[in-house]
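[1] Take a look and give me a structure for this.
(one chain, ligands or ions: 1)
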Amino acid sequence: MSRLAIFGGKPEIDTPFVPYNRIGEAEREAVLGTLESGLLSGYIGAPGPEFEGGPEVQELESLWAGMFNTAHAVAVNSATSGLFAALGACGISPGDEVIVPPYSMSATAVAPYVYGGIPVFVDIEADTFCLNIECVRATITDRTKAIIAVNLFGHPARLGELRALADSHGIYLVEDNAQAPLATENGILCGTIGHIGVFSLNRHKHIQTGEGGVCTTDDADLAFRLKLIRNHGENLIEHYSAQSAQDLVGFNYRLSELSAAIGRVQLNRAKEIIAEREAFALRLSVGVLGIPGLIPPHVREGCRHTFYAWPMRYDRNVVGVPRGVFIQAMAAEGVPLNGGYVPPLYRLPIFAARESRGGATECPVTERMHSSEEVGFGICAFELSDRLVDHIAAAFHKVYENRAELERLSTDSHAQLT
Ligand SMILES: Cc1ncc(COP(=O)(O)O)c(C=O)c1O
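    Numbers count the residues shown, from 1 in each chain. A predicted model of the protein is given here:
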């Protein structure tokens, strides 16, 4: 057995991972073309054609709607703006409850506050890390106005069931699809099953423009409201005689022409970029298959997972060493892993300072995933090759096979690494 790197052996991978970068010549040309046009943003927040943004924004929206098969795509300057706009479009008002998962990026759960709404945290499933539908069902009250389902790590939440549940209560389903472009549930694209889907184009995402986002919807009224919120809609209400949208506050959520130009090119390459990511993730899953206590990412039947991250489960009782010690040994082998995605969001001070519902008691699975079971590899963060993926898998095997040695690391000195 080869000696673990954490005890002075040769690491399985001895060169640093190269940061992921899919920006190439076509993106460069698109940016230069936009610079030469002199039009860095095509928006004016007043009635007229420029309310819709410039040619690059409109081209991106049209391509997006085509690829994702939706009637409307509304480009925004981040998924955070997209989530805020989505809840505004759904008419969230003070006191309305919005169901959210606590295992997500904070923007998912703070979005209701923009409209005086109340985030209600509901637990997740242990295998997919997405909302548990039975917990959602049990939490809906007369005050619930929307559910935000996050397709976390690239895997669909139970979207079809959630949409049916939302419809049966006359409430909205918003998909936070920041991490799952081209993922599918029963052949239907994520981001198109809810009333509104929200995508991110930030620098870590599959399709990226530095910062940016897109909202999708099949509902013309929601699309109109999203556009009013995106671009100072208060100036347009009289022009459009849109009585029902009179109270909407317009923001500046406008994407620049430069970002839209990059997005258009990236979108053309999305299928190839995502298929490559998926192939690496599945290769890694096969590579670790059979290691007791390490459960590779689950893909629910009928779903396509597009692997923003590669999240596995760690069974400490089977492996025999704390998760943190295992991760430390993997780091020494040259493989950076995360133990638990983010602390459950209800622990953030803002949710105590403002009104929120649900916490550790209501969300035991989230607590477990964060504190001891979920192990993530940020597959979106690095340039990979089949060879490198095989070395990552070999590092998992090596650390597992030498796990008895790891007991030499005192659990006392690694108490924080459980
Ligand atoms: C699940 C989720 N929702 C929302 C966001 C916010 O995206 P953005 O950075 O585009 O505002 C992110 C970003 O990491 C995310 O992962």
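[2] Spatially, what comes nearest to the closest residue to the ligand within the stretch 251-400 of the chain if we skip its sequence neighbours?
    In the stretch 251-400 of the chain, the residue that lies nearest the ligand is Tyr308 (7.3 Å; C-beta to the nearest ligand atom). Using the backbone N, CA and C atoms, a C-beta is placed for each residue, glycine as well. Leaving aside its sequence neighbours, Tyr308 sits nearest to Gln179 (C-beta to C-beta, 6 or more residues apart in numbering; 3.7 Å).
[3] so what does the longest strand along the chain touch, helix or strand wise?
    Assignment by DSSP state E gives strand 144-150 as the longest strand of the chain. If contacts are counted by 3 or more C-beta pairs under 8 Å, 6 or more residues apart in numbering; DSSP states H and E, strand 144-150 sits against strand 97-100, helix 106-110, helix 159-169, strand 172-176.
[4] go with 7 Å
    Applying 3 or more C-beta pairs under 7 Å, 6 or more residues apart in numbering; DSSP states H and E, we find strand 144-150 packed against strand 97-100, helix 159-169, strand 172-176.
[5] Dump the C-alpha coordinates for that strand into PDB.
    In PDB, the C-alpha atoms belonging to strand 144-150 read as follows (Å, rounded to 0.1, in the frame of the first residue of the first chain):
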ATOM      1  CA  THR A 144     -48.000  30.600   1.500                       C
ATOM      2  CA  LYS A 145     -47.700  32.500  -1.900                       C
ATOM      3  CA  ALA A 146     -44.700  30.800  -3.500                       C
ATOM      4  CA  ILE A 147     -42.200  27.900  -3.300                       C
ATOM      5  CA  ILE A 148     -38.700  28.400  -4.500                       C
ATOM      6  CA  ALA A 149     -37.200  25.000  -5.500                       C
ATOM      7  CA  VAL A 150     -33.500  25.000  -6.000                       C
END
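[6] Show me what that strand pairs with in its sheet, parallel or antiparallel.
    strand 97-100 (parallel), strand 172-176 (parallel) (DSSP bridges).
[7] quick check: mean pLDDT across it?
    Strand 144-150 carries an average pLDDT of 98.
[8] Any chance you could list what contacts that strand?
    Defining contact as C-beta atoms under 7 Å, 6 or more residues apart in numbering, one finds that strand 144-150 is touched by 87, 90, 92, 96-101, 104, 108, 111, 130-131, 136, 157, 159, 162, 166, 169, 171-176, 194.
[9] Show me what from the stretch 101-250 of the chain comes close to the ligand.
    Within the stretch 101-250 of the chain, the positions adjacent to the ligand are Ser104, Met105, Ala107, Thr108, Val150, Asp176, Ala178, Gln179, Ser200, Asn202, Gly213 by C-beta under 6 Å from any ligand atom.
[10] Next, count neighbours for the last one.
    Gly213 sits with 28 neighbouring residues when counted by other C-beta atoms under 10 Å.
[11] Now it: phi and psi?
    The phi/psi pair for Gly213 (degrees, to the nearest 10) reads phi -170, psi 170.
[12] just to revisit the earlier point, quick one: contacts for the residue nearest to Tyr308?
    Contacts for Gln179 were tallied using C-beta under 7 Å, 6+ apart; they are Asn151, Leu152, Phe153, Gly154, Tyr308.
[13] picking that back up, would you list the strands paired with strand 144-150 in JSON lines and tack on mean pLDDT and mean neighbour count?
    Formatted as JSON lines, the strands paired with strand 144-150 follow (pLDDT from 0 to 100; neighbours: other C-beta atoms under 10 Å):
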{"stretch": "strand 97-100", "mean pLDDT": "98", "mean neighbour count": "26"}
{"stretch": "strand 172-176", "mean pLDDT": "98", "mean neighbour count": "28"}
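[14] Tell me which of these lies nearest to Gly33.
    Nearest to Gly33, of all those, is strand 172-176, at 32.3 Å by C-beta to C-beta.
[15] roughly how far is that closest one from the heart of the chain?
    The chain centre lies 13 Å from the centre of strand 172-176; the measure is C-alpha atoms, centre = their mean, to the nearest Å.
[16] got it, and stretch 234-241?
    How far stretch 234-241 lies from its chain's middle: 34 Å, per C-alpha atoms, centre = their mean.
[17] mind checking the end-to-end distance for that stretch?
    End-to-end span of stretch 234-241 (C-alpha to C-alpha, to the nearest Å): 11 Å.
[18] ok, and for that stretch, which residues are buried?
    Judged by neighbour count (16 or more other C-beta atoms under 10 Å), stretch 234-241 contains these buried residues: Leu236, Ile237.
[19] How much space separates the residue nearest to Ala89 when sequence neighbours are not counted from the ligand?
    Closest residue to Ala89 apart from its sequence neighbours, by C-beta to C-beta, 6+ apart: Arg225 at 3.9 Å. Computed as C-beta to the nearest ligand atom, to the nearest Å, the Arg225 to the ligand distance reads 20 Å.
[20] Show me where the stretch 1-150 of the chain dips below the pLDDT cut-off.
    Low-confidence segments of the stretch 1-150 of the chain (pLDDT under 70): 1.
[21] Done for today, thanks.
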